[in-house]
Each structure stands twice: as structure tokens, then as C-alpha cells.
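Q: Here is the input, now give the coordinates:
(one chain, ligands or ions: 1)
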Amino acid sequence: MPLPEPSSVLPAQIAQNLARVRSRVDDAARAAGRAPSDVRLLVATKTQPADAVRAVVEAGADLIGENRVQELVAKAPDLADLVAAGRVEVHMIGHLQRNKVNQVLATATGVESVDSLALAEALAARCARDGRVLDVLVQVNVSGEESKSGVRPDDAPALATAVVALEGLRLRGFMTIGANAPDETVVRAGFARLREVRDAVAGSGAPGTGDARELSMGMSGDLELAVAEGATIVRVGTAVFGPRPTPR
Ligand SMILES: *Cc1c(COP(=O)(O)O)cnc(C)c1O
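A: Have a look, this model is predicted:
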């Protein structure tokens, strides 16, 4: 995969788009009777060159997400100063293979795409060896669409319970990608399903599950529905940077 070209979107445009997205999130939170501060905005930076990522951080984004290990690694040197200064956190939000764990841990401050016990164990082993604790989310496939990663909702509590038992990881909650469906009620039901999974796990009283409160759900096209169903992190790319050149 070629590295992204320098950005054609101007920093001022990125800042304006970011502010618009933040207003959408804030409005959706208020409409749902929630505090806007309860919903964090993650900017999905896949296919965006490092200068565009830097621009969005300069505009105030404090959490970004990458899908592909190769892109995460390629942009890491350009963003190292911002990460070191604590100005931005970097989450892995795409499917991750076990043999890439070391590369991811060199840069990422959290992993939202834990979808198997084997992956969780690989992350945990490395973190325990390094004496660090990594925040993770369990990815759940609420739509059942084959193209999407994540465990089935019925299997999520078991994986979550296994993850909390691993030294080196801290389970912070759950992540999903909403259904690719024209019917809003279908999309919304999927987000509600993730909330039910979260409530079941965080309310189970099992040791270590009490921290698993986060719901990372909602993207440019469906963030309002996700916030209405309790999202605490929404992940937005297109609405900040414009349409991506190649479909993902
Ligand atoms: C690309 C991506 C997003 C953002 O999607 P947009 O539709 O561009 O807002 C969110 N989450 C994941 C996992 C993604 O891959």
C-alpha cells in the first residue's frame, strides 16, 4: 500500500469540520438528555497523511484512531512529539493480527479491536513483559455482517470476562461498527445491543469488569443514533477530512 499523499484538505477546513462534528455530537447528547462531555470524539485518520493528522490535533482533537498497522507505523515518527507531549492518544481501531502486536504497542495507547482471546493474550503478554497496562475494548459485531470483525454479541461477555483476567490489559468497554443498513431502526437496534452487552458485563459484579463502561460506536453517518443509545466514544473520519479516495 503506498503511503498517503500530502493532504489536499487545508488545515483551516479541517478545523472547521472538526468543530462542526463536535457540535453534532454535543447536540445529539443534549437531545438524549446526556452531557456533551460524556461523549469523546475519536478522529479516524485512515488514508490521511501525517500533515492532515497533525492539523486535526492542532485543531483540538485529542484522540485519533488508525485501522491499519502499516499506516500507524508509517505516521508514528511524524506524530511522536504530539504523543509524547500527551496532546493526543492513538487507538488501534482496525483488525489486528497477533504477529503485529509489537508494532502496534510501539505507538498505540489503546486497542479498540480486540476480537479474540488469542489476540488479547498476545497483547497482554507483551504489556506484562513491558510492565505496562493497555486500555482495550472488545469489538462486537452487532450487525452480523460478514465483512465486519468482532465477536458475536452472545460471545462478548465470555471474551470480556477472559480479558479482565489478563495481567497487562484493562478492559474499558466495547466497540462496534454499525449496520450498513438504510433503516435507522436496524442501525439503532445494533447500538442498543452493544449497550446491553456493556450493561451485562459492567453490571455483573465480576472482578475487573466495573471499568468496562465505554461504548465506542457511531461514525460520520450514524453518530446521532449511537449517541442516543449511549455512545461514549464516536469515531469520525469522512465528516472531518472529506470523502476518502479509495473505498475501505
Ligand atoms: C473509517 C472508520 C471510522 C470512521 O468512518 P467515517 O464514515 O469516515 O466517519 C470509524 N471506525 C472505524 C473502525 C473505521 O474504520
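Q: Quick check: residues of this structure near the ligand?
A: With C-beta under 6 Å from any ligand atom as the criterion, the chain meets the ligand at residues 44, 46, 67, 93-94, 177, 219-221, 235-239. C-beta here means a position set from N, CA and C on the backbone, and glycine is covered the same way.
Q: Check the secondary structure at Leu171 for me.
A: Here Leu171 is recorded as strand under DSSP: H, G, I helix; E, B strand; the rest coil.
Q: what's the answer for Ser113, then?
A: Under three-state DSSP, Ser113 comes out as strand.
Q: which regions of the chain lie under the pLDDT threshold?
A: Along the chain, segments meeting pLDDT under 70 span 1-8, 246-248.
Q: what about the helices in it?
A: Ranges of helices in the chain, per DSSP state H, are 11-31, 50-58, 69-84, 101-105, 117-130, 156-164, 184-202, 223-228, 238-241.
Q: how about the fourth one: buried residues?
A: For helix 101-105, a neighbour-count test (16 or more other C-beta atoms under 10 Å) marks Val101, Gln103, Val104, Leu105 as buried.
Q: re earlier: mind putting the helices of the chain in TSV, distance to Ser143 included?
A: Shown next, in TSV, are those (distance: least, C-beta to C-beta, whole Å):
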stretch	distance to Ser143
helix 11-31	21
helix 50-58	28
helix 69-84	24
helix 101-105	25
helix 117-130	21
helix 156-164	14
helix 184-202	5
helix 223-228	13
helix 238-241	19
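Q: sorry, back to before: any idea which of the buried residues of helix 101-105 is closest to the ligand?
A: Of all those, the one with the least separation from the ligand (C-beta to the nearest ligand atom) is Val104, at 14.5 Å.
Q: can you pull the contacts of that closest one?
A: By C-beta atoms under 8 Å, 6 or more residues apart in numbering, Val104 lies in contact with Val69, Leu72, Met92, Leu96, Val111.
Q: before we move on, what about Thr176?
A: Contact partners of Thr176, counting by C-beta under 8 Å, 6+ apart, are Gln139, Val140, Asn141, Val142, Gly150, Gly190, Phe191, Leu194, Ser216, Met217.
Q: Count the neighbours of the fourth one for me.
A: Right, Val142. Counted by other C-beta atoms under 10 Å, the residues lying close to Val142 total 27.
Q: now do the same end-to-end measure for stretch 223-243.
A: One end of stretch 223-243 to the other measures 16 Å (C-alpha to C-alpha, to the nearest Å).
Q: sorry, back to before: between the contacts of Val104, which is nearest Leu119?
A: Leu96 (6.2 Å; C-beta to C-beta).
Q: Quick check: the gap between that closest one and the ligand.
A: 12 Å (C-beta to the nearest ligand atom, to the nearest Å).
Q: what's the distance between that residue and Gly110?
A: 12 Å (C-beta to C-beta, to the nearest Å).
Q: picking that back up, buried ones only from the residues of the chain next to the ligand, please, as a ChimeraX command.
A: To isolate the buried ones among the residues of the chain next to the ligand in ChimeraX, judged by 16+ other C-beta under 10 Å, type:
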select :44,46,67,93,94,177,219,220,235,236,237,239
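Q: rewinding a little: so which of the contacts of Thr176 is the most crowded?
A: Scoring the contacts of Thr176 on neighbours with other C-beta under 10 Å, the highest-scoring entry is Met217 at 31 neighbours.
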